[in-house]
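Visitor: Okay, predicted coordinates and the sequence, questions at the end:
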Amino acid sequence: MGITDTVRKLLTRRTFVQGMLIILLIIPLSRPLGLPILIGEHSRAFYRIVEELPPNAKILFSQVTPVVLMGDLIPQAIPVTYQLVSLAKERNWKLYFVGIGSPDGILQLIDSEIWATIGWPEEYGLKYGEDWCNLGFVAGGDISWSTFGSDIRAVVQYDREGNNIDSLPMMQDVNSVADFDIIFNNGEYNTVIVRQWGEPYGKPLMLLCLTGAVVQDVEPFYRAGQVKEYLAGVRGGADYELLVNRPGKAIASLDAISISHIFLIGLIALGNVLYFAEKKEKGRNSL
Amino acid sequence: MNLLRKREISVYLLFITSMVFIVQYYLPGFDPLDSLISLLGNWAVVFSAMAMGLGLLNLATNSVRKIQKRSKEWYFDAWLLFIMLLVLVLGGIGGAKDERYLWIFNNVYQQLSPTFFGFAYLYMCSVAVLTFRVANWETALLMLGGVLVMIGNIPFIQVYTGAFVSLKDWIFAIPSRGVFTAFRISMALGFVLIGIRTLLGIERGYMGAEES
C-alpha cells in the first residue's frame, strides 16, 4: 500500500478528521495562543459612532438572539453593551432593551450572558426605569416589528419585571421608534429591521450580525446607507473587546477560529492533491 | 356549505385588511386608520402568541399518539413529553426566574443548541476531503474564491499579509455585493408579485389545498 492510499484512508476516516479537529480546537481554547489581531474598519467605525452619540440619546437595543447562534452573537453584544452602559450615566443616555420574534430565551440570554459577564446596569450607576429598562419579548414577525415601530403600547403593556410601562419615567415620552435616536439589533431579522424600523423612521441602524453569508446580506443595505454600521460575528466581537479594552470570549475564541480555518483549508488542499494523484494513477493504469 | 368555510370570505378579509395597511402607509397620521392599524397589529401579536401554544398542543398530541401506538422509537416522544411538561410546570409555577427552570435553560438548553451547530462544522470538515474537489473549471473558480475568502478571514493572517485581505474585500465588495443586491431586488419584486396575486385572490396557497 502506497503513502497515497494510507493518507486517503486516514483522511476519509471520519473519526480521525473529527478527532484531529477537536484536539486542534481544545488547545487554543484552553490555552490561548495570543495570535495577533488587526482591528477591522467596520469595528472602528461602529465604536466611533457609539462614542460620538450625543448626550440624552435614547437608545433602542433589540435582541433577537436564538440560543443556537449565541456563539456568534453574544461575543459582540457583550462589549457593545459594556460600552453603552459604561458611558450611559455620564452622557445621560437611556437604554431600552426588547426582544421581538425569536422566542427561545432572548430575555434569559441577556441576563445569563450579558449582565452576568459585565455586571448589571445598576453597577454602573444606572437606575431601572429611569436609565434603562427591558421591554420584554414580543411574539410575531413583520407585523410585530411594524406595530412596535408605530405604537409601542399596542404590543407592550408591561416590561419584563411586570411593571406597567406607563409607570416607568423613561417611557413617558416614548411610544414609537421615531422617539429613539439610534437602534441596535443583535441577531437575525436584519432585513425586517431595515424594512420596518430603519427606512420608515430614518433612524440610524447599527447591526450586530452573524459572520459569512449574513454579512453579505447586510452589505447592500450598508452601501445604500440604510444601515449605519455593522459588526461581523465573533471577529467583530474580538475587535470590539480590544476597542473597549475588555478582553473576553471573542478574543479567546479567535485562535480557535484561525486554527480551524487553516485546518479546513489544509483538508481541502490535501483532498485535491489525493484526487489528482488518483486520477493520474488511473490514467497510467489505463494505458 | 358553512358560510365560514367559504374560501371567498378569507379572500375578502385578506383583501380588506391588506388594503387598510397599504392605504395607511400612504396616509400616515390619519388617525382612524392609525388606530385601526394599532388594533390589527395587536391582534397579530396575540395570534402569534397563540400559534406558539397551538404548536405546543400539536406536538403534545402527536407525541401522545405515537406513544399510544408504540410507534418506532416512541420512547423519544415520551422523553420529549416529560421534559416539555417539566419545563412548562416549572416555568408556569415559578415564573421565568425560577431557579430550577433557569438551571434547565442555562445548563441544558443553552449548551445543547450551539453544540448541535458545532456538529455541523465537524461533519463538514470530515467530508471536505471527499467533496470539495476541483473537478472542472467551474468548481476550480468556486473553490479559488472560497479558499481566498477563507484565508482572508483568518484573523492572524490579516496582520501579516494585506494581499489576501484586499482580495477578500474585493470579492465581498464587488462580485458578491452585486450578486446579493440583485438577489435582494429579485426577491423584493417577487414579494410584490406574490402580494398582488394574493390580494386579488389568485394566490390561495395560504388557505391550504382546494376542496374538490
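Guide: Cool, the structure landed. As the structure is a computational prediction, the values presented were derived from the model and not from experiment.

Visitor: Residue of chain B closest to chain A, please.
Guide: B:G41 (2.8 Å; C-beta to the nearest C-beta). C-beta here means a position set from N, CA and C on the backbone, and glycine is covered the same way.

Visitor: ok, the closest residue to chain B within the stretch 101-250 of chain A - how many residues close by?
Guide: In the stretch 101-250 of chain A, the residue found nearest to chain B is A:T147; the distance is 2.8 Å by C-beta to the nearest C-beta. Using other C-beta atoms under 10 Å in any protein chain shown, A:T147 has 27 neighbouring residues.

Visitor: Tell me the buried residues in the helix or strand in which it is found?
Guide: Using DSSP states H and E, A:T147 sits within helix A:142-150. Buried positions in helix A:142-150, judged by neighbour count with 16 or more other C-beta atoms under 10 Å in any protein chain shown: A:I143, A:S144, A:W145, A:S146, A:T147, A:F148, A:G149, A:S150.

Visitor: I figured the residue of the stretch 101-250 of chain A closest to chain B was touching A:V155, is that so?
Guide: Yes. Using C-beta atoms under 8 Å, A:T147 makes contact with A:V155 at a distance of 5.1 Å.

Visitor: shared neighbours of these two, which are they?
Guide: Shared contacts of A:T147 and A:V155 (C-beta atoms under 8 Å, 6 or more residues apart in numbering or on different chains): B:G41, B:N42, B:V45.

Visitor: wait, isn't the first one in contact with A:S146?
Guide: Yes. Checked against C-beta under 8 Å, the pair B:G41 and A:S146 is within contact range at 6.5 Å.

Visitor: Among the buried residues of helix A:142-150, which one lies nearest to A:C209?
Guide: A:W145 (16.3 Å; C-beta to C-beta).

Visitor: How is chain B partitioned into domains?
Guide: B:1-69, B:132-204 (automatic domain parsing).

Visitor: And the strands in chain B, which stretches?
Guide: Remark: strands of chain B are absent; assignment by DSSP state E.

Visitor: Helices - which of the shared contacts of A:T147 and A:V155 land there?
Guide: Using DSSP state H, the subset of the shared contacts of A:T147 and A:V155 located in helices is B:G41, B:N42, B:V45.

Visitor: need the contact list for the first one.
Guide: Think B:G41. Per C-beta under 8 Å, 6+ apart, neighbours of B:G41: A:I143, A:S144, A:S146, A:T147, A:S150, A:D151, A:A154, A:V155.

Visitor: give the contact list for the third one.
Guide: Contacts here follow C-beta under 8 Å, 6+ apart; on that basis A:S146 touches A:Q196, B:G41.

Visitor: By mean pLDDT, flag the weakest helix or strand of chain A.
Guide: helix A:106-109 (a mean of 70; mean pLDDT, DSSP states H and E).

Visitor: Now do the same contact list for B:V11.
Guide: Taking C-beta under 8 Å, 6+ apart, one finds B:G201, B:R204 in contact with B:V11.

Visitor: could you dump the buried residues of helix A:142-150 to a markdown table with distance to A:G101 and pLDDT?
Guide: Listed next are these as a markdown table, based on distance: C-beta to C-beta, whole Å; pLDDT from 0 to 100:
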| residue | distance to A:G101 | pLDDT |
| --- | --- | --- |
| A:I143 | 10 | 83 |
| A:S144 | 6 | 85 |
| A:W145 | 7 | 88 |
| A:S146 | 12 | 86 |
| A:T147 | 12 | 86 |
| A:F148 | 10 | 90 |
| A:G149 | 13 | 90 |
| A:S150 | 16 | 86 |
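
Visitor: Please work out how many residues are found near the residue nearest to A:N175 when sequence neighbours are not counted.
Guide: Spatial nearest neighbour of A:N175, chain neighbours left out: A:I152 (5.2 Å); criterion: C-beta to C-beta, 6 or more residues apart in numbering or on different chains. By the criterion of other C-beta under 10 Å, A:I152 has 22 neighbours.

Visitor: same deal with the one 5 residues further on?
Guide: Neighbours of A:Q157 under the rule other C-beta under 10 Å: 13.

Visitor: ok, so what distance separates the residue of chain B most remote from its centre from A:G237?
Guide: Largest separation from the mean C-alpha position in chain B: B:Y160, at 38.8 Å (C-alpha atoms, centre = their mean). Plainly put, B:Y160 is 22 Å away from A:G237 if you go by C-beta to C-beta, to the nearest Å.

Visitor: what about chain B, any weak spots by pLDDT?
Guide: Where chain B drops to pLDDT under 70, the residues are B:1-5, B:209-212.
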